[in-house]
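In: Okay, structure incoming, though there's no sequence with it:
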């Protein structure tokens, strides 16, 4: 006894386009307009699905990167503090302890500020832009302009 199973499709997949009709190959103006009204909404639906998938992928990659940076940063910070303490201790053998701490603190502060400045430049809006979707939307717009005139 054969059973029909319902196949689950992911939410981001769209159903296939409707079966071809008699009007599919109608090259008259009304036939072309009819075809255009059928296909344009489907095109925009697919573009929105692409945009959603692209944003989702970008967000997941960003989350994973942030988690790694946070954990790695905490471990590195602990090690760095110990190294700084050793540097202050080493310098305090040849100069006053307060001066050793001041020198080490000033050097670390300058390095930290330069790293923050460099990091801010990497957080540009262009890295979050859905470039693939924007490119296809631009191509679609140009194609509609060409066929519309």
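Out: Sure, I can see it. From a predicted model like this one, the values you see are computed outputs, not experimental measurements. Residues are numbered from 1 along each chain as shown.

In: quick check, distance from stretch 46-66 to the centre of its chain.
Out: The chain centre lies 6 Å from the centre of stretch 46-66; the measure is Cα atoms, centre = their mean, to the nearest Å.

In: let me redo that: stretch 89-104
Out: 46 Å.

In: same thing with stretch 45-61?
Out: For stretch 45-61 - counting by Cα atoms, centre = their mean - the centre lies 9 Å from the chain centre.

In: So which bits of that stretch are buried?
Out: Using 16 or more other Cβ atoms under 10 Å as the test for burial, stretch 45-61 gives 50-51, 54. C-beta coordinates here come from the backbone N, C-alpha and C atoms, glycine included.

In: Output those residues in JSON lines; the columns should cover pLDDT and distance to residue 113.
Out: Shown next, in JSON lines, are these (pLDDT from 0 to 100; distance: Cβ to Cβ, whole Å):
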{"residue": "50", "pLDDT": "88", "distance to residue 113": "41"}
{"residue": "51", "pLDDT": "88", "distance to residue 113": "38"}
{"residue": "54", "pLDDT": "87", "distance to residue 113": "35"}
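
In: Go through those and name the one nearest residue 67.
Out: residue 54 (21.0 Å; Cβ to Cβ).

In: lowest confidence element among the helices and strands of this structure?
Out: Among the helical and strand segments of the chain, the one scoring lowest on mean pLDDT, DSSP states H and E is helix 131-148, with a mean of 80.
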